[in-house]
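Student: One predicted model, sequence on top.
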There are 2 protein chains.
Amino acid sequence: MVAPNETVNGVQPEKVDVLIVGAGPAGLMMAEWMAKCGIKTRICDKRGTKIFNGQADGLQCRTLEIFDSFGFGHRAWIESNHMLEICLWNPDKDGIIRRSDRIPDTIPGISRFQQVVLHQGRIERFFLDSIESCSDIRVERGVMPSKLELNQTLVEDNDAYPITVTLRHLSEEEATPQQQTGTSTNGTSVMDGLFRSNIAPDDTQDLLNDSAHLNGKANTEEVIQAKYVLGADGAHSWVRNQLGFKLEGESTDYIWGVLDIVPITDFPDIRMRCAIHSASAGSVMVIPRENKLVRLYIQLTTTEKIGDSAGARVDRSKITPQTILQAAQRIIAPYKLDYRKLDWWTAYQIGQRVGTQFSSHERIFLAGDAVHTHSPKAGQGMNVSMQDAYNLGWKVANVVKGIASRDILKTYQSERRRIAQDLIAFDHRFSRLFSGRPAKDVMDEEGISIQEFKNAFEKGNMFASGIAVDYGSSLIVAKQGNSTDQGDGTDVGVHNPDYQVLSIPTLATKVEVGKRIPSHKILNQSDARPSHLHELLRSNGRWRIITFAGDIRDPVQAAKLKNVGTKLAAPNSFLKRFTPSGGRYDDVFEVLAIHNAPRTQVSFFDFPEVYRNFDEIEGWDYWKIFVDGQSYHEGHGQIYENLGIGPAGCSVVLRPDQYVSYVGPMDAYDELDKFFSGFMVTQEKGKKVVLS
Amino acid sequence: MVAPNETVNGVQPEKVDVLIVGAGPAGLMMAEWMAKCGIKTRICDKRGTKIFNGQADGLQCRTLEIFDSFGFGHRAWIESNHMLEICLWNPDKDGIIRRSDRIPDTIPGISRFQQVVLHQGRIERFFLDSIESCSDIRVERGVMPSKLELNQTLVEDNDAYPITVTLRHLSEEEATPQQQTGTSTNGTSVMDGLFRSNIAPDDTQDLLNDSAHLNGKANTEEVIQAKYVLGADGAHSWVRNQLGFKLEGESTDYIWGVLDIVPITDFPDIRMRCAIHSASAGSVMVIPRENKLVRLYIQLTTTEKIGDSAGARVDRSKITPQTILQAAQRIIAPYKLDYRKLDWWTAYQIGQRVGTQFSSHERIFLAGDAVHTHSPKAGQGMNVSMQDAYNLGWKVANVVKGIASRDILKTYQSERRRIAQDLIAFDHRFSRLFSGRPAKDVMDEEGISIQEFKNAFEKGNMFASGIAVDYGSSLIVAKQGNSTDQGDGTDVGVHNPDYQVLSIPTLATKVEVGKRIPSHKILNQSDARPSHLHELLRSNGRWRIITFAGDIRDPVQAAKLKNVGTKLAAPNSFLKRFTPSGGRYDDVFEVLAIHNAPRTQVSFFDFPEVYRNFDEIEGWDYWKIFVDGQSYHEGHGQIYENLGIGPAGCSVVLRPDQYVSYVGPMDAYDELDKFFSGFMVTQEKGKKVVLS
């Protein structure tokens, strides 16, 4: 253990705010936050290169919303394959598969995005480009920790670097996984793909650079000190093992093969997402992908097991692309299926496990596969992993900057371990239904009811969108109910009555406290440009206070607007107390107004200055006052109606991750002050803090 | 002059298909086409670096459609400022300016894009990135021709390289314009801006590279031979001067200043596009831009002239940003206007001129400012210039590849010189109205009627969208009327009766032959994904034949579909005769079907194979059969109704630039064969041609 300012071999260890172990989707999401918030960060990965194909592929609506909040949603949207319709195929009375149902793949109206498919390598590319464009954080490849120590006496000292980590540079041989699937989110996996022609041009240069770089530093070691560490190092997490935390859960008997192929087939729905249950040959899930590829998840029913016991593991050495294809051919018959191009393949046995703890002293955190593993077919793994880090990143950044107290960090486990538990429960139900044999008729009690499967699919669609995530009551979510019940059992409630605030949900009946705010189109008051509400809520670490001011031609509304504007602008307001004096006026809180008077009958200058800050170089800020109105080219967003907001208006507090913290009266200044006082840090006057 | 295969100083001159002189928007558009079509091309520019701010800024809807067809429309859409509303400000009875009208900036419904503003440097960046991503064409900076010769005896030999050009590498001093505005499209301009902080990160590297590179080759010369040359080298075009072609037209007395500033003002519409006519202090056009900038076009009424005669030129040395700002302050009073950040500025006198000829022997072409100059305020200059090259590029590429005969090249002058003439006429009317003093009342005959100005603005909006462009009858546009009358007077008609075909416009009443086809949403039959029709019409040099098949459950429609499918697939069909045997089946013609039967009641396999080609490695082509139907998330495109197509369907031929060549009966195979036989080249069987 290294004490503060102690040297190691005569060298003062480098100090970083955050060290991220693992540069898969969860680790990169954390790095993205740190880059956007200007936090001093290092990120390492034991693999010598990023991955280029295969692996996880499904992107939820919610994940696309998050990508868009970082500025690269469009890249995923353009490159990905969009899935619009799910077709269910089931045996008819003669046992021949027939299309029985069509279901929209994404529930219409829940998001401005729909579910899409794009392989993990491209998603990592988008993160890498985004991180590089706004920070000097770079992934250090072929590097992994060899020693990790936490000085427990320092964990509550916000200025301390209580974690000491030794990083070791691997040789190229060590850094090259024997199997491409080595870090798969698919649980255990055994083999590698064959066809590598679709490496994207913007990945090629990296591939060359990485290989050339590795051996220069091979086997050297370096000691660094960190305030926070994130272990996002996969199902076999080294960090988790060091902490001694366990995963709880079990394996199932179901074994699945995965093929990414360019299909040659007369099956008419090969470009739809399909769930095909054959009468007795098993099931196939069809996931149409980018670049003419189709992913097939195929239940393997004939693989030999090692040993005879009920829980015996299958002998995966017997599985080849050919055996998987043959299984698929049996299921999809009488249609033909073949391929000449195979991009990637694997095989796995479903295991469903959740970590017992997601952090050690809120200093060392775990995210992604390191704390939950499950089956891949619902397309959740990569999404939930990234959303773990999305939940954690802004909290760590706010604490490192001295804006928020360390108390908020406990909400990470409370919020995300609960999600992982829900996911495992969902996956358990879904996998059983998908893997089971379809019932022959209503008397066939061992078989799976097709109707039950369809119902589960439709309900699962809401879960699988990521939109349903509902964080429990806590010091950062002001809603009714017990915080331990609504989370994973961690105590994250408000205990000081001075800071206890409750939302008034009736003021915005379709805004659910704890969920991400729905997005609808609004117009900028100053230039009439339509944008989605979410487009204003960039992920940059800022809290948002939205004043839904109603029709400000009404003297009552105008008076309330003036009142709250005056209080927010007062020298002792929470805006001023919690915003460092060296930064921008909106570095901590962004104050927005959305009114619903006719746009042309009110003016930008009718609003208090707190909604349109004046700067002597930049002039007025024209980008914070909006109207619920008719656009020239993109319709009417009807945001008041869609959020259930009445003529009295309301105020809404959003966390930096777009989740709703509070809904209250439009002029509820005192409640906002109480709410933020519960976890924000009063800034010293004149103390300069460097903010991004 | 260099004869074929002659050497120069013992060196065989390099042969290129196309040499482009000038790497502004017109030259880059040409290079983009060449890159997409795989044509051997060089492009040089006398400037040592690309431009980084100022210059032209407005992008028409049509230009965005074109960018999107090359794959970078979204970059312009995301980075640009969108202009939604035009506010007209005029003196009230007391002579105080008041908002008199609001007009939508883009006419609703004419395009899926709206007018936006983004400076020329970013647009050049998008082209450079796109060209680099799909070709080895790179702009050679600090290079300009010093000698140009055309061997007229070879101009009709398609295999010849009749043009010999000497290229000279300039020194850094020569390649650095004394004024940033030296190549402005604003006609003559005199001075440079001051504030350079907004160079985009992706431009910075180029800036460093270019400067380092220049002097290595300074003053060396190189001789090359080309099949075609494009002079896109600006208003003072060296290529035009070598050819001895003139610009015809005149200067006006109006003098204007331009400021790109971050405004500090209480004028309430500063983020709207505004036309402000003061009672007697002149006019201002307000163009809100990206990065908080606003461009002001300000009429200067007090500048001294050199000499006393009526046509005397103003003394531009007297113009400074301060004098322009003061003029603006007088016009916008009683509102205040000031700035602390000035990004760029210039001053110009309006000149309206059109070139007498757009090509020499259809071997050396001119485009952009080299053949038309006019005032910048309608935001047309850069758009029309790029659209010149967009019209020319695919024609040259088709001819170089031996797919089309040289006859199609004459349509460039016929189509684009006519557009330039129309533009000058529009600009003349618009400038007069904008520059004139507003009438005090109906008796004030010297003043400009506000109503007339408003009407002109509204009509001008259609013109300024670029959507109204309507190419005349020619060998590639099968419509009624005389080709010389409908163009600039060049004879581009079909003289062989065997190839004369006329469209039947009643079959698609809202598709206008000669205009670009409108875009509406359709669904892919195989995966139900909605896309805009235009998204299918990528700019890659291919012609499209769209079969609007109607309701193919109707036996009559099904029979016609089968019939035309059989004829198109026959061994002697024009598809086969004009497609080189070495390439892909859709290298020359892309055959698409759009039906309007209910999507779920017909199958992909109901269509003839010519609409869903089978390849033994890639399988079926799922991306050519579409349906007019309801989408799950994006409404119903109603393309049959919106294009005015009845139950009998129709066939539509589109040029590679999305302009409509022909509308006829759904099964009009013979007419298509005649049409294409008029200008396409029969390919030798077994002769391999390398296509992109």
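Tutor: Structure received. Numbering: from 1, shown residues only, chains lettered A, B, ... in the order given.
Student: for chain A, what are the low-confidence residue spans?
Tutor: Residue ranges of chain A with pLDDT under 70: A:1-9, A:52-54, A:177-216, A:252-253, A:301-316, A:350, A:376-379, A:686-692.
Student: Can you pull the domain assignment for it?
Tutor: Segmentation of chain A into domains, based on the TED database, reads A:14-81+A:116-247+A:352-425, A:483-678.
Student: Nearest approach to chain B belongs to which of these?
Tutor: Closest of these to chain B is domain A:483-678, at 3.9 Å (criterion: Cβ to the nearest Cβ). Using the backbone N, CA and C atoms, a C-beta is placed for each residue, glycine as well.
Student: Just confirm yes or no for the closest one near chain B.
Tutor: Yes. Using Cβ under 8 Å from any Cβ of the partner chain, we find that domain A:483-678 touches chain B at A:524, A:526-530, A:600, A:603-605, A:616-620, A:622, A:631-633.
Student: what's the offset of that domain from the middle of its chain?
Tutor: Chain-centre distance of domain A:483-678: 24 Å, with Cα atoms, centre = their mean, to the nearest Å.
Student: which ones are touching the residue in the stretch 101-250 of chain A that chain B sits nearest to?
Tutor: Closest approach between the stretch 101-250 of chain A and chain B, counting by Cβ to the nearest Cβ: residue A:104, at 4.4 Å. The contact partners of residue A:104, by Cβ atoms under 8 Å, 6 or more residues apart in numbering or on different chains, come to A:84, A:85, A:86, A:461, B:632, B:633.
Student: which residues does the second one form a beta bridge with?
Tutor: Note on residue A:85: beta-bridge partners residue A:104, judged by DSSP bridges.
Student: Next one: it relative to residue B:524, how far apart?
Tutor: According to Cβ to Cβ, to the nearest Å, residue A:85 stands 11 Å off from residue B:524.
Student: How about the third one?
Tutor: In this view, residue A:86 and residue B:524 are 16 Å apart by Cβ to Cβ.
Student: ok, now the last one?
Tutor: According to Cβ to Cβ, residue B:633 and residue B:524 sit 14 Å apart.
Student: Settle it for me: which of the two has more neighbours?
Tutor: Per other Cβ atoms under 10 Å in any protein chain shown, whichever of residue B:633 and residue B:524 has more neighbours is residue B:524, with 21 against 18.
Student: Next, give phi and psi for that one.
Tutor: Comment: the main-chain dihedrals of residue B:524 come out as phi -70, psi 130, following degrees, to the nearest 10.
Student: for residue A:564, helix, strand, or coil?
Tutor: Under the three-state scheme (DSSP: H, G, I helix; E, B strand; the rest coil), residue A:564 adopts helix.
Student: Quick check: closest non-adjacent residue to it.
Tutor: Nearest residue to residue A:564, sequence neighbours excluded (Cβ to Cβ, 6 or more residues apart in numbering or on different chains): residue A:667, at 4.3 Å.
Student: Helix, strand, or coil at the one you found?
Tutor: Classification of residue A:667 using three-state DSSP returns coil.
Student: and if you look at residue A:432?
Tutor: helix.
Student: what residues are up against it?
Tutor: Applying Cβ under 8 Å, 6+ apart, the residues near residue A:432 are residue A:448.
Student: Starting from residue A:497, give me the distance back to it.
Tutor: Taking Cβ to Cβ, one finds residue A:432 at 47 Å from residue A:497.
Student: How about residue A:39?
Tutor: Distance from residue A:39 to residue A:497, by Cβ to Cβ: 33 Å.
Student: Could you do residue A:660 as well?
Tutor: For residue A:660 relative to residue A:497 (Cβ to Cβ), the value is 23 Å.
Student: How about residue A:441?
Tutor: 61 Å.
Student: Show residues contacting stretch A:153-164.
Tutor: A:1-2, A:4, A:13, A:15, A:19, A:147-152, A:223-229, A:361-364, A:399, A:402, A:406.
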